[in-house]
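In: Provide a 3D model corresponding to the input given below.
(2 chains)
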Amino acid sequence: DTAVSQTPKYLVTQMGNDKSIKCEQNLGHDTMYWYKQDSKKFLKIMFSYNNKELIINETVPNRFSPKSPDKAHLNLHINSLELGDSAVYFCASSREVPGYEQYFGPGTRLTVT
Amino acid sequence: GNSVTQMEGPVTLSEEAFLTINCTYTATGYPSLFWYVQYPGEGLQLLLKATKADDKGSNKGFEATYRKETTSFHLEKGSVQVSDSAVYFCALSDRGGAAGNKLTFGGGTRVLVKP
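Out: Residues are numbered from 1 along each chain as shown, chains lettered A, B, ... in the order given. Below is the predicted model:
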């Protein structure tokens, strides 16, 4: 039983295309996140949703649009993909408790050519 | 803003050697502190955590103590195995508020354990 799952695991696409990454958690958590890991392994938060409401948006280009249809799902849609978008994208979830740990999905490796 | 600094790698060790990875942080208030591990080709797994000063987190032989006076959370293991080869991330979380529970990560330290 996977706690936080993401699809697809790998995504190869060309510049200018639009793509989506899906995330689902079965932990009953209220809060979900998207993180980006660059080629140097540096991790940075992009978005956070709590009960379907956006609470963190970290100066991410508006080509990136998260959507949360319910509190168990947080999808990431990316328009007009650029070479610099190539990275590993991680979804995570946690309880709505200050300082609670986050549980991460396996990641989606996006390669833009 | 918050920040986490950890020693750069790679750290190369022999099996059964002692491992220390230094981590220091800057934060307002009283953050929670975490160590996550990323094995090759996988996502991040929580290794251990500490939520207040002087707390010691421990798991799988790893330990780290929340030191408020030195703003540090160094990771240690007494005897590493080849299977400990991975990238280790130190992270902090604001305890709620406008920042929510977002994690601020250090740059990661790659550890390679040789037989």
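
In: ok, what's across the strand from the residue positioned nearest the centre of chain A?
Out: Closest to where the C-alpha atoms of chain A average out (C-alpha atoms, centre = their mean) is A:Trp34, at 3.1 Å. Note on A:Trp34: beta-bridge partners by DSSP bridges are A:Phe47, A:Cys91.

In: what sits against it?
Out: A:23, A:45-48, A:66, A:74, A:76, A:89-92 (C-beta atoms under 8 Å, 6 or more residues apart in numbering or on different chains). Backbone N, C-alpha and C define where each C-beta goes, glycine included.

In: cutoff 7 Å now
Out: Contact analysis of A:Trp34 by C-beta atoms under 7 Å, 6 or more residues apart in numbering or on different chains lists A:46-47, A:66, A:74, A:76, A:89, A:91.

In: now, which of these sits nearest A:Ile55?
Out: Closest approach to A:Ile55 among the contacts of A:Trp34 (C-beta to C-beta): A:Phe47, at 8.7 Å.

In: you'd agree the closest one is up against A:Pro66?
Out: Yes - if you go by C-beta atoms under 7 Å, A:Phe47 and A:Pro66 touch, sitting 4.6 Å apart.

In: Between these two, which is the more surrounded one?
Out: Of the pair A:Phe47 and A:Pro66, A:Phe47 is the one with more neighbours under other C-beta atoms under 10 Å in any protein chain shown, namely 23 against 20.

In: Which residues in the lowest-mean-pLDDT helix or strand in chain A does the neighbour count mark as buried?
Out: Every helix and strand in chain A was compared by mean pLDDT, DSSP states H and E; the lowest is strand A:53-57, with a mean of 83. Burial within strand A:53-57, assessed by neighbour count using 16 or more other C-beta atoms under 10 Å in any protein chain shown, is assigned to A:55-56.
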